[in-house]
Structure formats: C-alpha cells, structure tokens
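K.L.:
Any chance you could fold what I've pasted below:
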Amino acid sequence: MKRRRVGGVMTQDVVRAHGDTPAGELARWMAEWGISGVPVVDADDRVLGVVCAADLERAGRAADGCRDRSAAALMSAPARTVRADDSVVRAARLMSAHAIGRLPVVDEEARLVGMLTRRDVLRLFARSDEEIREELTDDILVRTMWLGPRSVQVSVRDGVVTLGGCLDTSGQVAALVRMARQLDGVTAVISRLGHRREGPWPPPDA
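P.N.:
This next block holds a predicted model:
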C-alpha cells in the first residue's frame, strides 16, 4: 500500500534567505515569486527559521517599521521541519496542530532540501475518486491482501469509500477497512462487508 511521502510532493527549488537578508528583499521575493514564506538558512544550508508574510506585516506595524530589519530578527525560530521520507499525512497534521502554512523539508543533517506548503498538501488530497478506487483495488486488495480485483465491490464518491461483499474472516474485513481509511484522499469508509467466520488476518501460519 502506498503512503505518499513529503519528498514526492514538495517543491525542490526553494527561495531561501540568510540571517542578514533585509526585510525589503524578503518582501520583494514574496511578491515576485508568489510565495508567503521564506526559510532562513546558515552558511551550510541548515534551517534556522522561517519568515512569513505575517511576520513582515507585524514588523511593519511596529513603531520602527521593518525596512532596516533582517531575516534573523523577523524569523520564527526554531523552525518546525519535516523529512522527505515523512508521510504527507504526518506533515498535514503538524501544519494543522501549529497553524502553519509551510514546512521546510530537511535531510538528516538539518539541511534544506525542499519546502512543503498547505497548497501542496491540498493538491494531493484533492485526488479523483477513480484514482482512489484504483489504488485501493491494485495496492490493497491485490498486492497487499492477495485478493482478486473483483472480490470486493468498491465505489468511491467525493472521497467516501463504500466496500461491499463477503470476505473469509472478520480480521480480513477489519484490515481492509483500516487500510482503506489510511489512503490519501479518503474522507470516510462505509463498510457493507460480511465475513464467513471469526478469525485474524493474516492467519497465524501465513
């Protein structure tokens, strides 16, 4: 079963600032590139913090303005980051929990390798119903559970998956429902599945 990873949806060509980058330059970059945040890195490209449009606006309302202020003075630090091999679901939960719209993506040495935005996440989760149905059938039913592609009736509408049919064990039903819920883009799962006997999945001797 596929789990979408941050590295597959992040932006790799990232506009970045250094601690001494002037606020005016940051504002110009945001306007020119249509972005709402810029990561701040050190000389080794390690992420120090993030300056977002809201930081510039707050500084601009201050008595001394922000014209002469630097990225180091304006940034939110330390930055919350994710790794390229993290799941997009984990990244989305991090964004939601901390009310942030972007996450720098770093390697094992905390060096910047990309940027994940809320727009990237929403674009992924706005998958078509047919894409969800195909992944559920091919990756879960066939490759993971070793069932025939027509062993379960699968329908998807507006991200809601409906499963029908009869499987061998109760554990098989529970596993299928659980894995379907974990698919990117699925908003709910309706199970109309039956089973022939009580039992785990996979069986103990599998």
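K.L.:
Report the contact partners of the most centrally placed residue in the chain.
P.N.:
Geometric centre of the chain, nearest residue: Val88, 2.4 Å, by C-alpha atoms, centre = their mean. Taking C-beta atoms under 8 Å, 6 or more residues apart in numbering, we find Val88 in contact with Arg4, Arg5, Val6, Gly8, Val9, Leu116, Val121, Leu124, Asp184. For glycine as for every other residue, the C-beta is placed from the backbone atoms N, C-alpha and C.
K.L.:
Name the nearest residue to it, sequence neighbours excluded.
P.N.:
Taking C-beta to C-beta, 6 or more residues apart in numbering, and ignoring the residues beside it in sequence, Val88 has Arg4 as its nearest neighbour in space, at 4.4 Å.
K.L.:
how close does that neighbour get to Val82?
P.N.:
13 Å (C-beta to C-beta, to the nearest Å).
K.L.:
More neighbours: which of these two?
P.N.:
Val82 (22 against 18; other C-beta atoms under 10 Å).
K.L.:
List the contacts of that one.
P.N.:
Taking C-beta under 8 Å, 6+ apart as the test, what Val82 contacts is Val6, Arg90, Ala91, Leu94, Leu103, Pro104, Val105, Val106, Leu116.
K.L.:
between those residues, which is closest to Gly199?
P.N.:
Arg90 (32.1 Å; C-beta to C-beta).
K.L.:
Quick check: phi and psi on the closest residue to the closest one other than its chain neighbours?
P.N.:
Distance criterion C-beta to C-beta, 6+ apart; nearest residue to Arg90, sequence neighbours excluded, is Val82 at 7.2 Å. Val82 adopts backbone torsions of phi -130, psi 170, taken as degrees, to the nearest 10.
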